[in-house]
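Participant: need a 3D model of the following:
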Amino acid sequence: MKKIPLGRSDIMISDWCLGSMTFGNQTPQDDAHTQIDMTVDAGINFIDTAEMYPVNPIRAETVGLSETVIGNWIAKTGRRDDVVIATKVSGNNPGWVREGRGYDGAVIREAVDASLERLQTDVIDLYQMHWPVRGSYMFRQNWTYDPSGQDRQQTLDHMMDVLGALGDCVNAGKIRAIGMSNESAWGMTKWIDQAQAAGLPRMFSVQNEYSLLCRLYDTDMAEMAVNEDVTLLAFSPLACGLLTGKYQNGAVPDGSRMSINGDLGGRMTDRVLPVTQAYLDLAAAHGLDPVHMAMAWQRTRPFPVSTIFGATTQDQLSRILAGRDVVLTDELVAGIDQLNRANPMPY
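Facilitator: Residues are numbered from 1 along each chain as shown. Presented below is the predicted three-dimensional model:
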């Protein structure tokens, strides 16, 4: 498995990352531990989690459980040095975490300690803010995005407060690197510029949605990433299962995310299944599993990427891992680009 630097840090991560958002809910602890073993044995050293996980659904009573499952694996196996652990603090929310309160410097200090305890480790390798407190255009909010109510100075002051707390945590040896999630190009550059001016920790990564069906990252964010050495941690590379083909022709498998939340977080539009079929047909024409095509495509991008995949079951994980050495031809990449131009933003 190829290793890449995490931003400008000295942390080397695999260019695939195991996501854990089903751990402790859809994926029981024993199965989750087997998945971690399988992933590490396949050469992947990067695991992503968050204080609010598991999801589907998110509930106040299960907050932190995915971190706990990972912490129990670390305690059981003693393999802490074999993995790079990333987690996140939640922003403003409907009440799952801290009764809906987002994060500031004081919250950061408390949340880091709580995650360390659940993860049963002395240090978090990458600590991320799950979404900007000021708001985000991610998760289909781009269609009605309105930043006109933002207070620029308030945002910058908030960033400095958070960066100061993160600096304290780095200096205390509690975290090694920091990153954002669901962030914009403007937001990333402001985090970075302010940190550099004040001698505080620099953002090394951003975790945003990115897949064949969701390519918002390809323009301004890509430019930011290249010029600022920010690694994309691409989540939902299989578009919440759409690109596996399992939802075609109206199918809703038992236990699938769609069977739980209905519309895949707004991804299930009138256009998405026909567009998905076009990608499935393209993979078939090149003799590839569409899962392998979707994952391998991420490695063709002109900016640094580590792709976060998740699997509810061991069988799903085995299918994903079987494609870890797939390399796409130039002809297939060109075909993907043609499909994207013909079918932009299907959700």
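Participant: okay, helices next: where are they in the stretch 101-250 of the chain?
Facilitator: Secondary structure of the stretch 101-250 of the chain (DSSP state H, counting those that start in this stretch): helices at 105-119, 152-171, 185-198, 220-228.
Participant: any chance of the ones you listed in a markdown table, plus mean pLDDT and mean neighbour count?
Facilitator: C-betas here are computed from N, CA, C, even on glycine. Below are these laid out as a markdown table (pLDDT from 0 to 100; neighbours: other CB atoms under 10 Å):
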| stretch | mean pLDDT | mean neighbour count |
| --- | --- | --- |
| helix 105-119 | 98 | 18 |
| helix 152-171 | 98 | 17 |
| helix 185-198 | 98 | 17 |
| helix 220-228 | 98 | 17 |
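Participant: turn the ones you listed into a markdown table, columns for distance to residue 27.
Facilitator: Output for the helices of the stretch 101-250 of the chain, formatted as a markdown table (distance: least, CB to CB, whole Å):
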| stretch | distance to residue 27 |
| --- | --- |
| helix 105-119 | 17 |
| helix 152-171 | 29 |
| helix 185-198 | 31 |
| helix 220-228 | 30 |
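Participant: quick one: closest of those helices to residue 266.
Facilitator: Closest to residue 266 of the helices of the stretch 101-250 of the chain, according to CB to CB: helix 220-228, at 20.0 Å.
Participant: tell me which strands and helices that closest one is in contact with?
Facilitator: Packing contacts for helix 220-228, counted by 3 or more CB pairs under 8 Å, 6 or more residues apart in numbering; DSSP states H and E, involve helix 185-198, strand 231-234.
Participant: in JSON lines: the ones you listed, plus distance to residue 22.
Facilitator: Converted to JSON lines, the helices and strands packed on helix 220-228 look like this (distance: least, CB to CB, whole Å):
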{"stretch": "helix 185-198", "distance to residue 22": "28"}
{"stretch": "strand 231-234", "distance to residue 22": "17"}
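Participant: of all these, which one is nearest residue 307?
Facilitator: Evaluated with CB to CB, the helices and strands packed on helix 220-228 place strand 231-234 nearest to residue 307, the distance being 4.8 Å.
Participant: contacting residues around the closest one?
Facilitator: Contact with strand 231-234 is made by 4-7, 13, 17, 48, 86, 179, 181, 204-211, 217, 221, 225, 298, 301, 303-308, as judged by CB atoms under 8 Å, 6 or more residues apart in numbering.
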